[in-house]
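Participant: task: produce atomic coordinates for the following.
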Amino acid sequence: MAKKLTSSRAVVAILLVAVVVAWWLWRRPTTPPGPGLTPASSPQELVATARSEPRSFNRFVARDRTSNLVSLLLHAKLVRINLETQDVEPALAERWSVSPDGLTHTFSLRRGVRFSDGTPFTSADVLFSLKAAYDARVSSVLADSLEVAGQKLEAHAPDASTVVVTLPSRFGPGVRLLDNLTVVPKHKLEKTLADGSFREAWGLATPPAELVGLGPFILKEYRPGERMVFAKNPHYWRRDAEGRPLPHLDRLVVQIVPDQNAEILRLESGQTDLVTAELRPEDLPATRQAAREGRLALHEVGVAVDADFLGFNLAATFAAQQPKRAWLQRKELRQAVARAVDRQAFANTVYLGAAIPIAGPVTPGNRAWHDPSLVPPPYDPAGARTLLAGLGLTDRDGDGQLEAPDGTAAGFSLLTQKGNTIREKAAVVLQEDLRKVGLKVDVVTLEVPAVIDRITRGDFEAVYFGAQTSDTDPAVNLDFWRSSGAFHFWNPGQATPSTEWERRIDDLMTQQVAATDPAERRRLFNQVQRIFAAEAPALYFAAPRVFVATSARVAHARPALLQPSILWNADALAVRPAPAGAR
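Facilitator: The predicted structure is shown next:
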């Protein structure tokens, strides 16, 4: 009897619990999902792929694409450039004012913002971040892009919610340059800056929990060579147009997939939702078919702003190491190479026609700053041979291979990225075209970190690679244009310009940066582009048409020409509801 009574009580208890749960579900306030969103109760996760490991989790010392992507996901800035519209938008600063002379900018910070560990964000964090960028011991890759006319910005904070930034001189782009400043937590990194170890801080071995930021996500897991797993930052400050907290995603997984064939196969088979780089031309037929079937969404964004280049090592240290190969640094060699390559054939072969021939680093995709009067040099193999002969490079034995004055084979080693099929194919095309005019090119392929390391150390003869611009405005990319710049890769970090043409570009860019009249800024930069084209420290052959694809699950994608094309706006991405009846 007792046993039966106990069983009855259990049944009553279960029924009571069921009633309470039902009442709670009926009373619980619900927020209907917005357009393109799955219900709030459904976990939102997208899977992306990146083609290389980050070099560091410290954006102050790494400029590669994946490190930049990690920084965009984990951190925030005072203002940001909308990569879709190229307009400056409020970010950690909700508004700002400018003094009548255009030099002083007063930023009002958002109140109540907290870092991902819950620590309040204040003006002290902005001042600390700027101090770290300028610290000589850090040797930050951000420093050049946060200077005006080679001088640092001055900043102070009247209170915890206000930052005043004073420019050393007039600056045409205004506050755009502050999109280059990643704001990091003073409370986590102050000790490292004080003891000189900031440059080593937040390396790849850092436990994810130690990485604290103001961005939409936190890093939960990092498996080298495999993946990074990001989770929603519970303290993120942005909201969408309907007032809902961002990000919409609960998790974002970034898989490391160096092989582009494997990367596109994962996208087409539904294993991943998006790739962080643009599609290759050979991927387009299958991608278009998948888009017609509704499995993928395909976007044609336009002509790329960034194009790959063939660059030569013009550093004095390299010349000292190779005294018998001084011809490698002569302008005539670069002019000969420029004439030995048929750019239209290059575009057709490397990009399967989905590209246009170009004359320099500023492509037609950058509509605001491209100079349409610049045209590529003509395809002229005979003229190329004449230029090479003027350097003393002649075919002494009639075998079609040119020899240098010291009798060695005339040619150079060409470094490029392993696993990037476009760059590998381009290197082979260049190798073949230059063979036809008698130059021997040895192609060396390495992983991205090794290529960047070789460029940084100046340990290369020639390189076929690419640079990622942070903004379409040239005044915000002075690390490329100025002779003292860290990414003036053919001869970086010069104390004074080593050539007259670099001095002229430095002077023109100083004027261009200070000008506030758009027409005058354009006139000055057109002169810079013409000098660059004439001296050709780097050769540009074609700019691809940019196509990006996502799975049909991805909602709110706003593709941009600049990288990362989709994930620049990662906090707004969401998972689209599955069609009715789909499993």
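Participant: backbone dihedrals for residue 442, please?
Facilitator: With angles defined as degrees, to the nearest 10, residue 442 sits at phi -100, psi 120.
Participant: and the pLDDT for it?
Facilitator: If you check residue 442, the pLDDT there is 98.
Participant: again with residue 17
Facilitator: 40.
Participant: distance-wise, check the nearest residue to residue 405 once chain neighbours are set aside relative to residue 325.
Facilitator: Leaving aside its sequence neighbours, residue 405 sits nearest to residue 392 (Cβ to Cβ, 6 or more residues apart in numbering; 4.4 Å). All C-beta spots, glycine's among them, are computed from the backbone N, C-alpha and C. Distance, residue 392 to residue 325, using Cβ to Cβ, to the nearest Å: 11 Å.
Participant: between those two, which contacts overlap?
Facilitator: Residues touching both residue 392 and residue 325 by Cβ atoms under 8 Å, 6 or more residues apart in numbering: residue 404.
Participant: more neighbours, these two?
Facilitator: residue 325 (17 against 13; other Cβ atoms under 10 Å).
Participant: wait, isn't that one in contact with residue 405?
Facilitator: No: look at residue 325 against residue 405 with Cβ atoms under 8 Å: they stay out of range, at 9.8 Å.
Participant: beyond the helix or strand bottoming out on mean pLDDT in the chain, next helix or strand please.
Facilitator: Lowest by mean pLDDT, DSSP states H and E among the helices and strands of the chain is helix 2-27, with a mean of 39. Sequence order places strand 45-50 as the next helix or strand after helix 2-27, per DSSP states H and E.
Participant: for that following strand, packing partners?
Facilitator: helix 65-74, strand 251-256, helix 260-268, strand 274-275 (3 or more Cβ pairs under 8 Å, 6 or more residues apart in numbering; DSSP states H and E).
Participant: pull out the buried residues from that strand.
Facilitator: Residues of strand 45-50 classed as buried: 46-50 (neighbour count, 16 or more other Cβ atoms under 10 Å).
Participant: over to stretch 365-382?
Facilitator: 365-366, 369-371, 376-377, 379-381.
Participant: from the middle of its chain, how far away would it be?
Facilitator: 24 Å (Cα atoms, centre = their mean, to the nearest Å).
Participant: pLDDT on that stretch, on average?
Facilitator: Stretch 365-382 comes out at a mean pLDDT of 95.
Participant: compute the first-to-last residue distance for it.
Facilitator: Terminal residues of stretch 365-382 lie 32 Å apart, using Cα to Cα, to the nearest Å.
Participant: now tell me what touches that stretch from outside.
Facilitator: Counting by Cβ under 8 Å, 6+ apart, 86, 302-305, 335, 338-345, 357-360, 362-364, 436-437, 472-474, 522, 525-526, 529-530, 533, 541, 543, 546, 561 sit against stretch 365-382.
Participant: just the strands in the stretch 101-250 of the chain please.
Facilitator: 104-109, 147-148, 151-152, 154-159, 162-166, 217-223, 227-232 (DSSP state E, counting those that start in this stretch).
Participant: what's the helix or strand for residue 318?
Facilitator: helix 316-321.
Participant: so what's residue 362 closest to, chain neighbours aside?
Facilitator: Residue 362 sits nearest to residue 370 (Cβ to Cβ, 6+ apart), 5.1 Å away.
Participant: confirm that neighbour sits in a strand?
Facilitator: No: applying DSSP: H, G, I helix; E, B strand; the rest coil, one finds residue 370 to be coil, outside a strand.
Participant: if we can go back for a sec, which two among the buried residues of stretch 365-382 are spaced furthest apart?
Facilitator: 369 and 381 (32.1 Å; Cβ to Cβ).
Participant: got the phi and psi for residue 575?
Facilitator: phi -100, psi 130.
Participant: pretty sure it sits against residue 47.
Facilitator: No: the pair residue 575 / residue 47 is not scored as a contact, 10.9 Å apart, by Cβ under 8 Å.
Participant: who are the packing partners of the helix holding residue 318?
Facilitator: On the basis of 3+ Cβ pairs under 8 Å, 6+ apart, helix 316-321 makes packing contacts with no helix or strand.
Participant: just the residues contacting it, thanks.
Facilitator: Contacts for helix 316-321 (Cβ under 8 Å, 6+ apart): 326, 329, 458, 461, 491, 498.
Participant: quick check: next helix or strand after it?
Facilitator: Next in line after helix 316-321, if elements are assigned by DSSP H and E, sits helix 331-340.
Participant: helices and strands around that next one, which ones?
Facilitator: Counting by 3+ Cβ pairs under 8 Å, 6+ apart, helix 331-340 packs on strand 309-312, helix 381-390, helix 421-435, strand 538-539.
Participant: my guess is residue 150 meets residue 483, correct?
Facilitator: No: if you go by Cβ under 8 Å, residue 150 and residue 483 don't touch, sitting 10.4 Å apart.
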